[in-house]
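Undergrad: 3D, please:
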Amino acid sequence: MDLEKPSPRPPAEGCLTVAVRLPVRIVVLVLVVPVRMVWDALVAGGRLLRDAVLRPVGRALLWMAWAAFVWPWVTLWRYVLVPLGRAAAWLGHRLVVVPAAWLYEHVLTPLGRAAARLLRRIGAGLGRVLRGIGSGFAWGYARVLAPVGRAVTWLLKGAGSVLAALGAGAFAAVAWLVGYLVVVPARWLYRYVLTPLGHGIAWVAAGAVRAVRVIGTGVGVALYWIVRVVLVLPALAVGRWVLAPVGRVLWALGREIGAAFGHAWRVAGHVSLLVGRFLGTLFRWIFVEPVRWAYRTVLTPIGHALRDAVLRPAAAAAHAVGRAARRTLALAHESARQATALVRESARQATALVRESARQARADLRRMLIGDPGGPRTISRREPKAAETRTLGSSTTALTKD
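TA: Numbers count the residues shown, from 1 in each chain. Below is the predicted model:
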C-alpha cells in the first residue's frame with residue numbers, strides 16, 4: 001500500500017525565481033571561488049605550520065621547562081628532603097616521643113592517680129557536710145514553712161471568694177445600665193434612621209454608575225470606529241497590497257542568494273581541491289622527488305658511514321660512563337643505608353643502656369627507701385660437681401667430715 005501512495009510534488013517555483021537564479025549563481029560563483037581558494041590555502045598552511053613547527057617547538061619547550069624547573073625540585077625532594085625528613089622524624093621519635101611516653105607512664109600517671117584519690121576523698125567529705133545541711137533545711141521546711149504556707153493560702157482563698165462575689169454583683173449592675181442606656185437607643189437609631197439613609201445613598205450611587213457606564217460605552221464605540229476607519233483599515237490595506245508582495249519578492253531573492261552562496265562554496269571547494277592537488281603534484285615533481293633521490297643516493301650512505309665510524313663508538317662510551325655513574329650512585333646509596341642502619345643500632349643500644357640504668361636507679365632508690373624485700377631464696381637442687389662426688393671413703397656432711 002505504501003508503494004501506491006503518490007510521491008509529494010516539489011513546491012512550484014515562480015518565474016521570478018527561475019529568472020533570478022542563474023545570474024545570481026554566476027555572480028556569486030565568480031566572487032566566492034577566490035575567497036574559497038584563499039581560505040583553503042590558509043587552512044593548509046596553518047596545518048603545515050602546526051605539524052612541522054609548532055608541535056616540535058612546543059615539545060622542545062615542554063622538555064626544557066621540565067628539565068629546568070621540575071626535575072631539580074624532584075631530585076631535591078627525592079634525594080635530599082625525604083632522607084632529611086625521615087632522619088628528623090626518627091630523631092624526633094627518639095628524643096621527644098619516647099621520653100614523653102616514659103614521663104607520662106612513670107611520672108604523670110602515678111601523680112594523676114594520687115590526685116584523683118585525694119579529690120575523691122575531699123568530695124566524699126564535702127558530700128557528707130552538704131547532706132547534713134540539706135537534712136536541716138528539709139526539717140525546717142517540713143516543720144515550720146509548710147504549716148505557715150497552708151494557713152496563708154486558706155486566708156487568701158477566703159478573701160478571694162468575697163472579692164469575687166462583690167465583683168460579680170457590680171458587673172451585673174453595670175451591664176444592665178449599659179444595655180438600657182446605650183445598646184437599645186443605638187439599635188433603634190441604626191434600624192429606623194441609618195438603614196433607610198444608606199439604602200437611598202446606594203440607589204443614587206448605582207444610578208450614577210449605570211449612567212457613567214452607558215456614556216463610556218458610547219464614547220468607546222465611537223472611538224473604536226474612528227480608530228478603525230482612520231488607522232487600522234489603511235494599515236491593513238498597505239500591509240496586504242504593498243508590504244506582503246514586496247516581502248515575498250525580497251524573501252525569494254534572499255533565499256536564492258543564500259542557496260547560490262552555498263552552491264558556489266561547494267563548487268569552489270571542488271575547484272580548490274583540484275588546484276591544490278595540481279600544485280601538490282607539481283611541487284612533488286619539482287622539489288620532493290629530487291630531494292628524496294638525493295637523500296637516498298647521497299645522504300644515506302654518508303649517514304651510515306658517520307653512524308658506524310663516529311656515533312656508535314660515542315654512544316658505547318656514553319653507555320659505559322652511564323653504567324659507571326649508576327654503579328657509583330648504587331654504592332653511595334648502599335653506604336648511606338648501612339650508615340643509617342649503624343646509627344639506628346647505636347641509638348637502640350644507647351636507649352637500652354639508658355633504660356637499664358634507669359631501672360637500676362629505681363631499684364637502688366627503692367632499696368634505700370623501703371629496704372630489701374627479702375623474698376624466698378632459691379635453693380640449688382642440682383647434683384654436686386665432679387670434684388665433689390660422694391664416695392665410700394669420704395663424706396660431704398659436717399658430722400663425718402675429717
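
Undergrad: how about the helices in the chain?
TA: 15-49, 55-65, 71-76, 82-92, 98-103, 109-140, 146-178, 184-189, 195-227, 233-238, 244-283, 289-294, 300-306, 312-370 (DSSP state H).

Undergrad: turn those into TSV, including mean pLDDT and mean neighbour count.
TA: C-beta coordinates here come from the backbone N, C-alpha and C atoms, glycine included. Listed next are the helices of the chain as TSV, based on pLDDT from 0 to 100; neighbours: other CB atoms under 10 Å:
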stretch	mean pLDDT	mean neighbour count
helix 15-49	76	14
helix 55-65	92	10
helix 71-76	88	10
helix 82-92	89	11
helix 98-103	86	12
helix 109-140	82	10
helix 146-178	77	10
helix 184-189	80	10
helix 195-227	87	10
helix 233-238	87	11
helix 244-283	82	14
helix 289-294	87	11
helix 300-306	87	10
helix 312-370	82	10
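
Undergrad: for Gly239, see how far away the most centrally placed residue in the chain is.
TA: For the chain, the residue sitting closest to the mean C-alpha position, by CA atoms, centre = their mean, is Val70 at 27.2 Å. Going from Val70 to Gly239 by CB to CB, to the nearest Å gives 72 Å.

Undergrad: how far off centre is stretch 242-261?
TA: Relative to the centre of its chain, stretch 242-261 is centred 55 Å away, using CA atoms, centre = their mean, to the nearest Å.

Undergrad: equivalent analysis for stretch 340-353, please.
TA: With CA atoms, centre = their mean as the basis, stretch 340-353 stands 46 Å off its chain's centre.

Undergrad: stretch 204-216 too?
TA: For stretch 204-216, the distance to the chain centre is 69 Å (CA atoms, centre = their mean).

Undergrad: one more: stretch 282-294?
TA: 58 Å.

Undergrad: kindly report the same for stretch 145-165.
TA: Per CA atoms, centre = their mean, the centroid offset for stretch 145-165 relative to its chain is 70 Å.

Undergrad: same deal with stretch 136-156?
TA: Relative to its chain's centre, stretch 136-156 lies at 67 Å (CA atoms, centre = their mean).

Undergrad: with stretch 135-147 instead?
TA: Its chain's average C-alpha position is 66 Å from that of stretch 135-147, according to CA atoms, centre = their mean.

Undergrad: mind checking the end-to-end distance for that stretch?
TA: 18 Å (CA to CA, to the nearest Å).

Undergrad: next one: stretch 187-203
TA: Terminal residues of stretch 187-203 lie 23 Å apart, using CA to CA.

Undergrad: quick one: contacts of it?
TA: The contact list for stretch 187-203, computed with CB atoms under 8 Å, 6 or more residues apart in numbering, is empty.

Undergrad: look up how far Leu299 lies from Leu130.
TA: 108 Å.

Undergrad: cool, and Pro290?
TA: 12 Å.

Undergrad: can you check the pLDDT for Trp66?
TA: If you check Trp66, the pLDDT there is 91.

Undergrad: what distance do you get for it to Leu22?
TA: From Trp66 across to Leu22, the span is 62 Å (CB to CB).

Undergrad: ok, now Pro147?
TA: Separation of Pro147 from Leu22 (CB to CB) stands at 125 Å.

Undergrad: repeat that for Arg86.
TA: The gap separating Arg86 from Leu22 is 86 Å, by CB to CB.

Undergrad: one more: Ser161?
TA: Distance from Ser161 to Leu22, by CB to CB: 118 Å.

Undergrad: ok, Thr340 next?
TA: Distance from Thr340 to Leu22, counting by CB to CB: 91 Å.

Undergrad: try Leu306
TA: Relative to Leu22, and taking CB to CB, Leu306 is found at 66 Å.

Undergrad: and if you look at Lys157?
TA: Relative to Leu22, Lys157 is positioned 118 Å away (CB to CB).

Undergrad: next one: Leu130
TA: Leu130 is 116 Å from Leu22, by CB to CB.

Undergrad: again with Ala324
TA: For Ala324, the distance to Leu22 equals 83 Å [CB to CB].

Undergrad: before we move on, what about Gly303?
TA: Distance of Gly303 to Leu22, computed by CB to CB: 61 Å.

Undergrad: next: Leu181.
TA: Distance, Leu181 to Leu22, using CB to CB: 108 Å.

Undergrad: likewise Pro301?
TA: In this view, Pro301 and Leu22 are 63 Å apart by CB to CB.
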